[in-house]
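Peer 1: take this sequence and fold it.
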Amino acid sequence: MMEIKNPAFNYETPGQNYSGIRKTDERIAAYVYEALASAKTVLNVGAGAGSYEPADKYIVAVEPSAAMRSQREKSKKVPAISATADSLPFDDRSFDASMAMVTLHHWPDMNKGLKELRRVTKEQVLVMTFDPDALNDFWNVNYFPELIEVERMRYPKIDFIIKSLGGNCEVKSIPVPFDCEDGFQEAFYGRPEAFLQKEVRMAQSAWGFLSEGLEEKYVKALADDLASGEWDKKYGHFRTQKNFTCALRLIVARP
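Peer 2: Prediction:
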């Protein structure tokens, strides 16, 4: 079994176009904005290029990667503070709400980071993540098995998140639309050709943890099945499915 000593992905890699692939999908964002409700000040930790930051709130962003902070300019987002989740440079209850959007799996100390989110937040803490227990429900497990094993090892269990945030959590399963703007893996459930694009894979951090040569092997196997029609024979119904509810979760924790 493989071992992942550091779950964080190196976003300083040359050629990254993360902000061009991982964009806000407004239909998914609607769940986030509804959960933020009347909060006026919002902290976004592991903010990346700024996806899912609402325009009508006062946003403070925290992002340790220089490359990701620089990409916020392209998205016309507020500059981010260079800090980490496990040591937030803010007083207790500094923000009405806080959010961590598909970032927990990069945190070396998730428990401490989640407790820090709770500490600096007066009301709701929002965590968007993927449920590791639901990853087998997506067809890519049959094409990229080690990739899914990487994801399963990095994503925290939902119960772990709830416990770290002190309980009193609502867990929502989020449907992913067919033409999802955010380029995580499930976004391409009905558009498998996207996985053949290096640029798309570079914006999905799990690919960076594969054994040497395995990425090329997986991509070739999928390309061959797409060319022969084998993928469509097995999974073609996804091409006409309007949305797909699989592992994407929004956890809303209240004090």
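Peer 1: in the chain, where's the longest helix?
Peer 2: helix 214-228 (DSSP state H).
Peer 1: against which helices or strands is that one packed?
Peer 2: On a contact count with 3 or more CB pairs under 8 Å, 6 or more residues apart in numbering; DSSP states H and E, helix 214-228 meets helix 230-235. C-betas here are computed from N, CA, C, even on glycine.
Peer 1: before we move on, the earlier item: what comes up buried for the longest helix of the chain?
Peer 2: Within helix 214-228, the residues that count as buried by 16 or more other CB atoms under 10 Å are 215, 218-219, 222, 225.
Peer 1: and that helix, how far from the chain's centre?
Peer 2: From the chain centre to the centre of helix 214-228 is a distance of 24 Å (CA atoms, centre = their mean, to the nearest Å).
Peer 1: what residues does that helix touch?
Peer 2: For helix 214-228, contacts defined as CB atoms under 8 Å, 6 or more residues apart in numbering pick out 143-144, 146-147, 192-193, 195-196, 201, 207, 210, 230-232.
Peer 1: tell me where the model's unsure across the stretch 1-150 of the chain.
Peer 2: Along the stretch 1-150 of the chain, the model assigns pLDDT under 70 to residues 1-16.
Peer 1: quick one: the strands in it, in order.
Peer 2: Assigned by DSSP state E, counting those that start in this stretch, the strands in the stretch 1-150 of the chain fall at 41-45, 58-62, 80-81, 97-101, 125-130.
Peer 1: of these, which stretch is the most buried?
Peer 2: Stretch with highest mean neighbour count among the strands of the stretch 1-150 of the chain: strand 97-101 (a mean of 27; mean count of other CB atoms under 10 Å).
Peer 1: excluding chain neighbours, what is closest to Gly113?
Peer 2: In space, and not counting its chain neighbours, Gly113 is closest to Ala85: 3.2 Å by CB to CB, 6 or more residues apart in numbering.
Peer 1: show me where the stretch 101-250 of the chain has helices.
Peer 2: With DSSP state H, counting those that start in this stretch, the ranges of helices along the stretch 101-250 of the chain come out as 110-120, 145-154, 158-164, 198-202, 214-228, 230-235.
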